[in-house]
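A.B. asks: okay, predicted coordinates and the sequence, questions at the end:
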Amino acid sequence: MEYTIFAIVAGVTVLCICVELLAAVIPLLVVLTFVPPEERPALAAVLAATDSSRRLRLWPALRVAVEARRLSRRRRGGPR
């Protein structure tokens, strides 16, 4: 009985980890396969302006775009 409960908890934990990893990787795969390389910086700038998801910030170009957007908002004196 104890092993069954342990197996269920371990299975649910592994499932949650796999779902989180897929949720982080799928957007990157879509960008790398469908967005031409010359348009990726523009896409990063658009995503930086519209989304604050931590998952998307794993993408280096988006991380740079988010920082640039924050810096420009600070210079203008706008809200963070």
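C.D. replies: That came in fine, so what should we check first?

A.B. asks: what distance do you get for residue 76 to residue 15?
C.D. replies: Residue 76 sits 45 Å away from residue 15, taking Cβ to Cβ, to the nearest Å as the criterion. From N, CA and C alone the C-beta is placed, and that goes for glycine too.

A.B. asks: give me the element residue 27 is part of.
C.D. replies: Using DSSP states H and E, residue 27 maps to helix 2-34.

A.B. asks: what about that helix, average pLDDT?
C.D. replies: The predicted model assigns helix 2-34 a mean pLDDT of 88.

A.B. asks: now it: buried residues?
C.D. replies: 27, 31 (16 or more other Cβ atoms under 10 Å).

A.B. asks: how far out from the middle of the chain is it?
C.D. replies: The chain centre lies 15 Å from the centre of helix 2-34; the measure is Cα atoms, centre = their mean, to the nearest Å.

A.B. asks: next SSE downstream of that helix?
C.D. replies: Next along from helix 2-34, by DSSP H and E: helix 40-50.

A.B. asks: and the average pLDDT for that following helix is what?
C.D. replies: Helix 40-50 comes out at a mean pLDDT of 73.
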